[in-house]
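**Q** Pasting the sequence and the predicted coordinates here, then a few questions.
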Amino acid sequence: MSSLLSTLLLIAVVAPSATAPAPASATSPAPVIAPVPANDEAVHQALRQLKATMSKALNERDLETIVANVTPDVVFTTMNGDVCKGKDAIRAYFDKMLNGPGHVVKDVKVAFEADALTTLYGGDTGVAYGSSNDHYELVGGQTFDIKGRWSCTMVREGDRWLIASFHYSANVFDNPVLAKVRKLGFGTAMVLLPLGLLVGFVIGKRSGRMGAAA
């Protein structure tokens, strides 16, 4: 009987210690941060290529490439708040800005930069934003630079990424047109301000068109 009792007591003491969890090691390795999945990296590379393609097309005035890389119902908002929807509207806007009577802008060169990686949603939608350094040459020979801001929504259709919307803007309180007006003084500024506003209006339209395809 005493032998049985001793055996039971031994089991009672040993069993809990055998099933207790082992203490955490003080030298446990740091958690491993998983790399960007290969498929996501492929998406970002495709979107970088889209940006490069559209920037090149804008600088070369290649309208066919521009409209080939937007959705049929694309929406873009220009610097002055105009909204164009669809490929036909883009074509009409280009024609008005480049060939219309009394156009002010002779040439524009753009350089778009993204602030961060595109945020992806569900594998077929992405939202990007960033800045744009634009160099303008006017019909009269004047040149100046504008730093704009943009945001863009892209969607995947099949194996291609297309631009679904683009919004472009610039600082209305600090831009080259206003800077020139300030330097002229109050009297002269009052005479030339309407002209400055008109130039700004037309430039805004042209800038919005350039930004819309980025």
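**A** Perfect, I can see it now. Numbers count the residues shown, from 1 in each chain.

**Q** Run through this structure and note the low-pLDDT ranges.
**A** Applying pLDDT under 70 to the chain flags the ranges 1-39, 80, 176-178, 180-214.

**Q** can you give me the helices in this protein?
**A** Assigned by DSSP state H, the chain shows helices spanning 2-19, 38-59, 63-68, 87-99, 176-184, 186-212.

**Q** Leaving out chain neighbours, which residue sits closest to residue 131?
**A** With sequence-adjacent residues excluded and distances taken as CB to CB, 6 or more residues apart in numbering, residue 131 is closest to residue 113, at 5.3 Å. Every residue, glycine included, has its C-beta placed from N, CA and C.

**Q** residues contacting that neighbour?
**A** Neighbour list for residue 113: 130, 131, 132, 133 [criterion: CB atoms under 8 Å, 6 or more residues apart in numbering].

**Q** With residue 119 instead?
**A** Counting by CB under 8 Å, 6+ apart, residue 119 touches 126, 127, 128.

**Q** Quick one, which of these are buried?
**A** Using 16 or more other CB atoms under 10 Å as the burial test, the contacts of residue 119 include 126, 128 as buried.

**Q** Nearest to residue 117 among the contacts of residue 119?
**A** Nearest to residue 117 among the contacts of residue 119 is residue 128, at 8.1 Å by CB to CB.

**Q** who's in contact with that closest one?
**A** Going by CB under 8 Å, 6+ apart, residue 128 touches 47, 114, 116, 118, 119, 151, 152, 154.

**Q** about what we covered before: in CSV: the contacts of residue 119, plus distance to residue 105.
**A** Formatted as CSV, these follow (distance: CB to CB, whole Å):
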residue, distance to residue 105
126, 30
127, 29
128, 26
